[in-house]
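# the sequence and its predicted three-dimensional model are supplied below.
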2 protein chains.
Amino acid sequence: MAKAKADLLQGTLDMLILKSLSLGELHGYGIIQRIRQLSDEMLNVEQGSLYPALYRIEQKGWVSARWDVHDTGREAKFYKLTRSGRKQLETQEASWDRLVLAITKVRQATT
Amino acid sequence: MAKAKADLLQGTLDMLILKSLSLGELHGYGIIQRIRQLSDEMLNVEQGSLYPALYRIEQKGWVSARWDVHDTGREAKFYKLTRSGRKQLETQEASWDRLVLAITKVRQATT
DNA sequence: CTATGATGCCTACCGTTTCTAGGTATCACT
DNA sequence: AGTGATACCTAGAAACGGTAGGCATCATAG
């Protein structure tokens, strides 16, 4: 039993990644940890989901990447939100809110 | 411009269909209308999404189907929630709530 | 009376996304 | 020396929703 980690719904990962990066530059592995941490262990992003997503997001110009060495002396690829990415985050958050609202309405329906 | 109809997130359609049917038996076309109506026109389910979804859902035993004639004299295929479908609806609603909560937590994070 | 739009069903195919499962390398600790 | 965490990546599968088509009936507008 245990393990209540839910799968993501398709379309939510980008928003989560962008949100993570809005708190400051971060490398891939760190994004996974940050999302897990911020969600109180409820969300667990798989590496196989993250890295392709980061690639897509970078292609779209929402983040920029840069190799660097961090405190621990290890190399990692740091991602940073671009201006366009910040806008995209807002857009995606607005869509999310809309969807949650719409679904809430449907669910509130009674006979 | 106009058209603020949002695309669904993958994984939400089943819940919406099951919820619609929890309000009473209904045929496919009617499900689309009910969802649109309940959501204040925010959600628009395409026929090409609905019918395959209904088929899947029926295969899983969550709904049962029956051809019938309704008031207007037209034939239509009426779907009805099964006991298993009602349980599934609860499960999916719980997952949805969990996900919304988790994402809310992530979004509340501040620097 | 004919054309159009709404109602009602269906299928084939496409694109996107996430996951599983694998691979590589470094580092700390046992 | 081995294990687990950190850190990156890819290939392939599976699932799902949308687009775009097709078909038939009915009411209504022109």
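In hand now; what should we look at?

# any stretches of chain A with poor pLDDT?
Chain A contains residues with pLDDT under 70 at A:1-5, A:111.

# show me which residues of it are close to DNA strand C?
Within chain A, the residues that sit near DNA strand C (C-beta under 7 Å from any atom of the strand) are A:7-14, A:45-49, A:52-53, A:56, A:73-74. Bear in mind the C-beta positions are built from the backbone N, C-alpha and C, glycine included.

# switch to 6 Å and redo it
Residues of chain A lying close to DNA strand C by C-beta under 6 Å from any atom of the strand are A:7-8, A:10-13, A:45-49, A:52-53, A:56, A:74.

# filter the residues you listed down to the buried ones and express that as a ChimeraX selection.
The buried subset of the residues of chain A next to DNA strand C, as determined by 16 or more other C-beta atoms under 10 Å in any protein chain shown, is captured in ChimeraX by this line:
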select /A:8,11,12,13,45,53
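
# return the member of the residues of chain A next to DNA strand C nearest to residue B:78.
Compare each of the residues of chain A next to DNA strand C with residue B:78 using C-beta to C-beta and the shortest gap goes to residue A:10, at 30.3 Å.

# phi, psi for the closest one please.
In this entry, residue A:10 is assigned phi and psi values of phi -60, psi 130 (degrees, to the nearest 10).

# before we move on, what about residue A:63?
In terms of degrees, to the nearest 10, the main-chain angles of residue A:63 are phi -140, psi 160.

# ok, now residue A:37?
Recorded main-chain torsions at residue A:37 are phi -70, psi -50, according to degrees, to the nearest 10.

# what's the neighbour count on it?
Per other C-beta atoms under 10 Å in any protein chain shown, the neighbour tally for residue A:37 reads 14.

# gap between it and chain B?
Using C-beta to the nearest C-beta, to the nearest Å, one obtains 9 Å as the distance from residue A:37 to chain B.

# same question for residue A:68.
Using C-beta to the nearest C-beta, which is the criterion applied here, residue A:68 is 20 Å from chain B.

# doesn't that residue fall inside a strand?
Yes. When classified by DSSP: H, G, I helix; E, B strand; the rest coil, residue A:68 is found to be part of a strand.

# so it makes contact with residue A:76?
Yes. Using C-beta atoms under 8 Å as the test, residue A:68 is close enough to residue A:76 to be in contact (6.8 Å).

# who's more crowded, those two?
residue A:76 (16 against 11).

# SS state for the more buried one?
Following three-state DSSP, the label given to residue A:76 is strand.

# pretty sure it contacts residue A:66?
No. With contacts counted by C-beta under 8 Å, residue A:76 stays clear of residue A:66, the gap being 9.9 Å.

# ok, back up a step: what is the nearest of the residues of chain A next to DNA strand C to residue A:91?
Using C-beta to C-beta, the shortest approach to residue A:91 within the residues of chain A next to DNA strand C belongs to residue A:11, at 12.3 Å.

# so what's the residue count around the nearest residue to that closest one once chain neighbours are set aside?
Counting by C-beta to C-beta, 6 or more residues apart in numbering or on different chains, the nearest residue to residue A:11 once its immediate chain neighbours are dropped is residue B:9, at 4.6 Å. Here the number of neighbours of residue B:9 (other C-beta under 10 Å) works out to 17.

# do the same with residue A:72
Using other C-beta under 10 Å, the number of residues around residue A:72 comes to 7.

# now the one 3 residues further on
Residue A:75 is surrounded by 11 other residues when neighbours are defined as other C-beta under 10 Å.

# thank you kindly, that will do.
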